[in-house]
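Engineer: Could you look at this predicted model? Sequence included:
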Amino acid sequence: FKIKVTFTKPNGTTGSRPIKVSDVQPRTIYTVRMDVNEGEVGESQIVIRFDDSVTTENIEIEIDEQ
């Protein structure tokens, strides 16, 4: 399956990033956690974490002013 992450940068521009998740099985529940900056302030980033049943690596998307 695919996850599409859409975001707005601090300067107002928008962006998106599709993420393909492989090695999944039908009729199975997977846990995906999306977190922005882990609740902290400072440089922005979106962190996507998958449970251990998916072989896809955790993903970090940097969201800077540029």
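Structural biologist: Structure's in. What do you need? Numbering: from 1, shown residues only.

Engineer: Okay, now the unreliable bits of the protein?
Structural biologist: 38-43, 55-56, 64-66 (pLDDT under 70).

Engineer: which element is the residue most central in space within it on?
Structural biologist: Nearest residue to the geometric centre of the chain (Cα atoms, centre = their mean): Ile48, 3.5 Å. Element membership for Ile48 (DSSP states H and E) is strand 44-50.

Engineer: returning to what we had before: report the contact partners of the residue lying closest to the residue nearest to the centre of the chain once chain neighbours are set aside.
Structural biologist: Nearest non-adjacent residue to Ile48, counting by Cβ to Cβ, 6 or more residues apart in numbering: Ile59, 4.5 Å away. Using the backbone N, CA and C atoms, a C-beta is placed for each residue, glycine as well. Shown in contact with Ile59 (Cβ atoms under 8 Å, 6 or more residues apart in numbering): 19, 47-48.
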